[in-house]
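Novice: Here's a sequence, model it:
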Amino acid sequence: MTRLFAWLALLVSTHALAADGQSVGLLELYNYYEYSPRLLSAGQPTREQFPAIRAAGVEAVINLAPVTDPGALADEGDVVRGLGMSYRHIPVDWHHPPAADVESFLATMAQFAGKRVL
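Specialist: The predicted structure follows:
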């Protein structure tokens, strides 16, 4: 199922592009990768990194980390929405991801169509 999430992310874009000058702040994110100009991926950002994420043109954040993740921010949704971005939390059990999480991810990606998503 973990591979399915990676495969779905690749399907959304046709090729990977390097980050542009506007995204320099994004390069500081842990495990940052830009699949396309509209689909970005990274590890858990810190509270202080979210303004740079917004400044780089990100319009929506999808958090796939479980609430038990050591770097989880309890108020991440409030932080993200407070900066004017959309937010969706889908806490995936990466050891046994259910099909419902995949469906929720796909529905969220459809909802955020046309937006720059992290």
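
Novice: Can you give me the buried ones in the lengthiest helix in the chain?
Specialist: Longest helix of the chain, by residue count under DSSP state H: helix 99-111. By neighbour count on 16 or more other C-beta atoms under 10 Å, the buried set for helix 99-111 is 101-102, 104-105, 108-109. For glycine as for every other residue, the C-beta is placed from the backbone atoms N, C-alpha and C.

Novice: Identify the farthest-apart pair in these.
Specialist: D101 and M109 (12.6 Å; C-beta to C-beta).

Novice: hang on, the earlier thing: for the longest helix of the chain, the distance to its chain's centre please.
Specialist: The chain centroid and the centroid of helix 99-111 are separated by 13 Å, computed with C-alpha atoms, centre = their mean, to the nearest Å.

Novice: which other helices and strands contact it?
Specialist: The criterion is 3 or more C-beta pairs under 8 Å, 6 or more residues apart in numbering; DSSP states H and E, and the helices and strands that helix 99-111 contacts are helix 2-12, strand 60-63.

Novice: Appreciated, that's everything.
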